[in-house]
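Colleague: need a structure here:
(2 chains)
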There are 2 protein chains.
Amino acid sequence: MKIGIMGFGVVGSGIGEIIANSPDGLEKRSGEVIEIAKILDLRDFPDSQFKCFTKEFNDILEDEEIGIVAEVMGGTEPAYTFTKKLLMAGKSVVSSNKELVAKHGTELLQIAKENNVSYLFEASVGGGIPIIRPLYSSLSANELTDVYGILNGTTNYILTQMIKEGESFEAALKGAQEKGYAEKDPTADVEGHDTCRKTAILASLAFGTYVNSEEIQTEGITKITLEDVAYAEEIGGVIKLLGMASKEDDGVYARVCPAILKKENPLAGIDGVFNGIMVKGEGIGDVMFYGRGAGSLPTASAVVSDIIDAVKHQGSHIGLGWKEGVPGYLKDAGEQEFAFYIRMSGQPDVKVEGMRVITLPELADEFAVITPKLNGKAAADLLDDLKQNHEILGTIRLVAE
Amino acid sequence: MKIGIMGFGVVGSGIGEIIANSPDGLEKRSGEVIEIAKILDLRDFPDSQFKCFTKEFNDILEDEEIGIVAEVMGGTEPAYTFTKKLLMAGKSVVSSNKELVAKHGTELLQIAKENNVSYLFEASVGGGIPIIRPLYSSLSANELTDVYGILNGTTNYILTQMIKEGESFEAALKGAQEKGYAEKDPTADVEGHDTCRKTAILASLAFGTYVNSEEIQTEGITKITLEDVAYAEEIGGVIKLLGMASKEDDGVYARVCPAILKKENPLAGIDGVFNGIMVKGEGIGDVMFYGRGAGSLPTASAVVSDIIDAVKHQGSHIGLGWKEGVPGYLKDAGEQEFAFYIRMSGQPDVKVEGMRVITLPELADEFAVITPKLNGKAAADLLDDLKQNHEILGTIRLVAE
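Modeller: Next up is the predicted model:
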């Protein structure tokens, strides 16, 4: 089986490495010799072991021997146009491109089905962690109710440094950039956009209907301070950036936000660049998947496992997918009830039924409270009320389990 | 698609419940209506919602409309004979029977292949945790190097009660029996046999060659005391029963034994009846799977996911499997080097290079040591040496990571 690779960056070169280094293993597992026939990239790689580079997409599209193409370019264009053309030409496409899957997945899956080929994207969520395939096969006996987790290694590394090393957000971000865990422009990670796209893909697959990532309420970690970390610690919790989706009757709730997790929660112990994804279903209870959520080889491994799957299913369509979204299916996130952590200036004179007050000896002239479970409207009203006498210094949702 | 169920115990009735309760969901996911046509059990179930019970195996074997049979009887006979006949009659078999898979899996997989049907056993390891399918599909791009974990919920519950509640082994076992987590005869669990069978299945699948469970060095948890728990705590560790297998050149090492895990290890935080399975590969790094390792609905969910997979692959063989074992493939467990925890009577007068001595104020007239890494021979020699002046009260391997 001849394959093409589009994009020879971190993931693309990892794919090349895996295929070049273990041809026997891959042949044993897929039943065929897998050969890289063309690599599309606008850059030159004179020192690469591969000699099949091209700058012309049509060289791949028109090569009839190529049956499977790995799209690891990132971004929506030209990846979208290329993927569409390849599927319509009867080639399977495997992808690590969460942006494209989150935006155009419904259409691309439909085109794959019509052309009796496959569109696979195990690498789009959780790097090397197998999560996409279990969601549509191993867990298929279950009506799933929740899928949530730590989906972004960069932000989890930053939060871990804040919690374990006492570094400020700015210092931890700088460290992450120096280590290559964060990009020069870290917006997509720290503002939660990356987590949001992954959440949309997981929700679409787990519950069977498309969720548009652009409609998911998303909050990043840029406002989290070391004071918040200290208050969370005081109540036995840690702050994590979560992507969350849950099924409720005929719709889903989805959101991305920092949350305080109690230390008993299995996700609370997931530190550094690791990801953890929790899936709940009526039969299985809680199942968690843990591993490296990013990096060249883990992500490339996931792409190669999709290539092997596509080889095994030549001439047929691997039926993962979801229905088109309908208006109202993604419910108003404000309806969901959470306990809130609210940090504010002044003295702890607040008296609300069921509200817990936390003070820290090292932080005079301020305090924090944990509210009872409130929906968005009630939380906003409470904040308005508190603002009469206090300056609000921070709020975080509390995931009590 | 009509299916048969053999065995209407805890798992069998769970399968019935799942299929009866969500026919639409299963049809959506498998593409066909799944109908339970016959249930084989020697007992009577007059109050069951199902009216298709039979006491005759041939009623299932000779029913040409039945394409898939769930074997959830347990034990090797008659399950082995029945499974063989069903596969040879062109029916796919899905199983939760780890004893049968560990003992006759190689032959049954071969028969399935020859008859172009499937033999699937996601439920044999880890209950509702998807682990079998990821090992042969999602992780297939990787040369796997290690697979190990907490594979038995009963023993993990007992150890957790000892660690967290200070219960003795006997009291914790009694509590587990009262809660239905342990059987009246707990031998298979507490002596490690159940973990051993699961370890053999994981090793066979992960490394592609059959490992005979009967040849795996196996030690249970019956000798673990609260004193051992206290010494482990003193060095920042917890005691867990592990099944472990690792690839080394042309063979594998496998063993089942209690081990002290440092608290940083993700498996250390897995408590109660939960299971956790760690898979290491060259590309992916560490991936962990976590969830309920037993119970009616989790295990039944795994069986039903195999049924759905078999429905989707009608008329073809799902190619999971392994090669037959060869002499010497399973290496001498004594060659592997571990640090050991040794607890002994007397005063801490031991002086060996690199050996750490631990004393606990509440335990006078005894102490423990942590040795450097030793192979089996060196450990035995050291024990002989120590026995000159001390009574050995306990030994546990130490997994330092």
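Colleague: alpha carbons only for contacts and neighbour counts from here, please
Modeller: Noted.
Colleague: ok, is the helix or strand bottoming out on mean pLDDT in chain A in contact with chain B or not?
Modeller: For chain A, the helix or strand with the lowest mean confidence is helix A:23-30, at a mean of 82 (criterion: mean pLDDT, DSSP states H and E). Yes: under the criterion of Cα under 8 Å from any Cα of the partner chain, chain B is reached by helix A:23-30 at A:25-26, A:29.
Colleague: Of these, which is the most crowded?
Modeller: residue A:26 (24 neighbours; other Cα atoms under 10 Å in any protein chain shown).
Colleague: OK, contacts around that residue?
Modeller: Residue A:26 makes contacts with A:19, A:32-34, A:308, B:140-141, as judged by Cα atoms under 8 Å, 6 or more residues apart in numbering or on different chains.
Colleague: export the residues of helix A:23-30 next to chain B to a markdown table and tack on distance to residue B:280?
Modeller: Putting these into a markdown table (distance: Cα to Cα, whole Å) gives the following:
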| residue | distance to residue B:280 |
| --- | --- |
| A:25 | 16 |
| A:26 | 17 |
| A:29 | 18 |
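Colleague: just curious, which of those is nearest to residue A:188?
Modeller: Distances from residue A:188 to the residues of helix A:23-30 next to chain B, taken as Cα to Cα, are shortest for residue A:26 (34.3 Å).
Colleague: how near is the closest one to residue A:397?
Modeller: 45 Å (Cα to Cα, to the nearest Å).
Colleague: hang on, the earlier thing: what about the least confident helix or strand of chain A, distance to the chain center?
Modeller: Distance of helix A:23-30 from the chain centroid (Cα atoms, centre = their mean, to the nearest Å) equals 29 Å.
Colleague: And for stretch A:45-54?
Modeller: Mean-position distance between stretch A:45-54 and its chain equals 32 Å (Cα atoms, centre = their mean).
Colleague: end to end, how far does that stretch reach?
Modeller: This stretch, stretch A:45-54, spans 10 Å end to end (Cα to Cα).
Colleague: which SS state does the residue lying farthest from the centre of chain A fall under?
Modeller: In chain A, the residue that sits farthest from the middle, by Cα atoms, centre = their mean, is residue A:349; the gap is 40.4 Å. Classification of residue A:349 by DSSP: H, G, I helix; E, B strand; the rest coil places it in coil.
Colleague: Dihedrals phi and psi, it?
Modeller: The phi/psi pair for residue A:349 (degrees, to the nearest 10) reads phi -100, psi 10.
Colleague: One more: residue A:394?
Modeller: Given degrees, to the nearest 10, the pair of backbone angles that residue A:394 has is phi 170, psi 150.
Colleague: Enumerate every residue touching it.
Modeller: Each residue near residue A:394 by Cα under 8 Å, 6+ apart is listed here: A:223-224, A:228, A:341-344.
Colleague: And the pLDDT for it?
Modeller: If you check residue A:394, the pLDDT there is 94.
Colleague: Okay, it and residue A:230: tell me how far apart.
Modeller: Relative to residue A:230, residue A:394 is positioned 13 Å away (Cα to Cα).
Colleague: so what does the host helix or strand of residue A:5 touch, helix or strand wise?
Modeller: Per DSSP states H and E: residue A:5 is located in strand A:2-6. If contacts are counted by 3 or more Cα pairs under 8 Å, 6 or more residues apart in numbering or on different chains; DSSP states H and E, strand A:2-6 sits against strand A:35-40, strand A:66-71.
Colleague: So in that sheet, which strands flank it, and in what orientation?
Modeller: With DSSP bridges as the test, strand A:2-6 is paired with strand A:35-40 (parallel), strand A:66-71 (parallel).
Colleague: how about the last one as CSV, C-alpha atoms only?
Modeller: Extracted as CSV, the C-alpha positions of strand A:66-71 are listed here (Å, rounded to 0.1, in the frame of the first residue of the first chain):
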residue,chain,number,x,y,z
ILE,A,66,-1.7,6.1,-3.4
GLY,A,67,-4.7,4.7,-1.5
ILE,A,68,-4.3,6.5,1.8
VAL,A,69,-3.1,10.0,2.7
ALA,A,70,-2.1,11.3,6.1
GLU,A,71,-3.2,15.0,6.4
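Colleague: can you give me how far the helix or strand just after that strand is from the chain middle?
Modeller: With elements assigned by DSSP H and E, the helix or strand that comes after strand A:66-71 is helix A:79-88. From the chain centre to the centre of helix A:79-88 is a distance of 23 Å (Cα atoms, centre = their mean).
Colleague: again, but for stretch A:301-319
Modeller: Distance, centroid of stretch A:301-319 to centroid of chain: 22 Å (Cα atoms, centre = their mean).
Colleague: what mean pLDDT would you report for it?
Modeller: Mean pLDDT, computed over stretch A:301-319, is 91.
Colleague: From the rest of the structure, what touches it?
Modeller: Contacts to stretch A:301-319, defined as Cα under 8 Å, 6+ apart, come from residues A:1, A:14-15, A:18-19, A:26, A:29-32, A:68, A:70, A:92, A:94-96, A:112-113, A:116-123, A:127-130, B:137-142, B:283-284.
Colleague: Can you flag the buried ones in these?
Modeller: For the contacts of stretch A:301-319, a burial check counting by 16 or more other Cα atoms under 10 Å in any protein chain shown picks out A:1, A:14-15, A:18-19, A:26, A:29-30, A:32, A:68, A:70, A:92, A:94-96, A:112-113, A:116-123, A:127-130, B:137-142, B:283-284.
Colleague: Narrow these to those in strands?
Modeller: Counting by DSSP state E, those place A:68, A:70, A:92, A:94-95, A:119-120 in strands.
Colleague: Quick check: end-to-end length of stretch A:49-64?
Modeller: Length of stretch A:49-64, first residue to last, Cα to Cα: 24 Å.
Colleague: related to what we said a few turns ago, can you add distance to residue B:288 and mean pLDDT and give the helices and strands packed on strand A:2-6 back as a markdown table?
Modeller: Output for the helices and strands packed on strand A:2-6, formatted as a markdown table (distance: least, Cα to Cα, whole Å; pLDDT from 0 to 100):
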| stretch | distance to residue B:288 | mean pLDDT |
| --- | --- | --- |
| strand A:35-40 | 31 | 97 |
| strand A:66-71 | 26 | 98 |
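Colleague: Looking at those strands, which one is packed in the most?
Modeller: strand A:66-71 (a mean of 26; mean count of other Cα atoms under 10 Å in any protein chain shown).
Colleague: How far off centre is that one?
Modeller: Between the centre of strand A:66-71 and the centre of its chain there are 24 Å (Cα atoms, centre = their mean).
Colleague: and the angle from it to helix A:79-88?
Modeller: 160 degrees (axes from the mean of the first three to the mean of the last three Cα atoms, to 10 degrees).
Colleague: could you show me where the helices are in the stretch 301-401 of chain A, in order?
Modeller: In the stretch 301-401 of chain A, the segments counted as helices under DSSP state H, counting those that start in this stretch are A:376-387.
Colleague: Quick check: residues of it near chain B?
Modeller: Selection of the stretch 301-401 of chain A residues close to chain B by Cα under 8 Å from any Cα yields A:301-302, A:304-306, A:308-309.
Colleague: What is the most widely separated pair among the residues you listed?
Modeller: Maximum pairwise distance among these (Cα to Cα): 12.3 Å, between A:301 and A:309.
Colleague: More neighbours: which of these two?
Modeller: residue A:301 (31 against 21).
Colleague: give me the element the residue nearest in space to the middle of chain A is part of.
Modeller: Taking Cα atoms, centre = their mean, the centroid of chain A lies closest to residue A:198, which sits 3.2 Å from it. Residue A:198 is part of helix A:193-207, with elements assigned from DSSP H and E.
Colleague: Can that helix be said to contact chain B?
Modeller: No: on the criterion Cα under 8 Å from any Cα, helix A:193-207 is out of touch with chain B, staying 10.8 Å away.
Colleague: Name the residues that touch that helix?
Modeller: Where contact means Cα under 8 Å, 6+ apart, the residues beyond helix A:193-207 that reach it are A:98-99, A:101-102, A:124-125, A:132, A:135-136, A:144-145, A:147-148, A:151-152, A:187-189, A:209-213, A:216, A:218, A:220, A:242-247, A:254-256, A:320-322.
Colleague: Dump that helix to CSV, keeping only the CA atoms.
Modeller: C-alpha atoms of helix A:193-207 as CSV (Å, rounded to 0.1, in the frame of the first residue of the first chain):
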residue,chain,number,x,y,z
HIS,A,193,-9.5,27.1,21.9
ASP,A,194,-7.5,23.8,21.4
THR,A,195,-9.4,22.2,24.3
CYS,A,196,-12.7,23.5,22.9
ARG,A,197,-12.1,21.9,19.4
LYS,A,198,-11.2,18.5,21.1
THR,A,199,-14.3,18.8,23.3
ALA,A,200,-16.5,19.3,20.3
ILE,A,201,-15.0,16.3,18.5
LEU,A,202,-15.5,14.1,21.6
ALA,A,203,-19.0,15.3,22.2
SER,A,204,-20.0,14.8,18.5
LEU,A,205,-18.7,11.2,18.6
ALA,A,206,-19.8,10.2,22.1
PHE,A,207,-23.4,11.4,21.7
